[in-house]
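A.B. asks: need coordinates for the below:
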Amino acid sequence: MRAVLHVGKKGIIIIPKKMREAVGLKEDSEVIAEVVGDKIVLRPFRPIVVDVDPEVVEKIFDEEKEQEARRYKEMFSDETSSGH
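C.D. replies: Residues are numbered from 1 along each chain as shown. Reported below is the predicted structural model:
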């Protein structure tokens with residue numbers, strides 16, 4: 001599917017309805033625009049949504065914090081035991 005589109009003020013381009021529907025664009029959709037060689041390529045922006053349990057995230061952060069505390073303790077105990 002191809003179309004010649006007009007670039008208006010401020011670079012506004014209107015994408016024909018059939019083209020929008022073909023790729024699933026609706027009002028307020030976002031697109032990714034990139035320059036590829038001498039072309040401007042537009043494609044729908046569809047972020048990946050991940051459902052994460054906040055308790056699992058908190059547990060991971062707590063584990064990381066404990067590991068960091070152990071590393072610092074080992075670092076400083078090595079310095080004091082070696083006479084630095």
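A.B. asks: what is the rounded mean pLDDT of the host helix or strand of residue 58?
C.D. replies: Element membership for residue 58, per DSSP states H and E: helix 54-81. Helix 54-81 shows a mean pLDDT of 86.
A.B. asks: give me the helices and strands touching it, please.
C.D. replies: The helices and strands touching helix 54-81, judged by 3 or more Cβ pairs under 8 Å, 6 or more residues apart in numbering; DSSP states H and E, number zero. To be clear about C-beta, it is placed using only N, CA and C from the backbone, and glycine gets the same treatment.
A.B. asks: give me the nearest residue to residue 26, chain neighbours excluded.
C.D. replies: Distance criterion Cβ to Cβ, 6 or more residues apart in numbering; nearest residue to residue 26, sequence neighbours excluded, is residue 20 at 7.4 Å.
A.B. asks: does the one you found really touch residue 27, like I thought?
C.D. replies: No - the criterion here is Cβ atoms under 8 Å, and residue 20 misses it with residue 27 at 9.2 Å.
A.B. asks: between those two, which one's more packed in?
C.D. replies: residue 20 (16 against 5; other Cβ atoms under 10 Å).
A.B. asks: so the more buried one versus residue 14, what's the distance?
C.D. replies: Per Cβ to Cβ, to the nearest Å, residue 20 is found 10 Å from residue 14.
A.B. asks: same question, residue 47
C.D. replies: In terms of Cβ to Cβ, residue 47 sits 24 Å off from residue 14.
A.B. asks: same check on residue 7?
C.D. replies: Note on residue 7: its distance to residue 14, by Cβ to Cβ, is 10 Å.
A.B. asks: again, but for residue 5
C.D. replies: 7 Å.
A.B. asks: can I see the domain layout of this protein?
C.D. replies: Per the record, the chain has its domains at 9-44, 50-84, by automatic domain parsing.
A.B. asks: and the shortest one, how far from the chain's centre?
C.D. replies: How far domain 50-84 lies from its chain's middle: 27 Å, per Cα atoms, centre = their mean, to the nearest Å.
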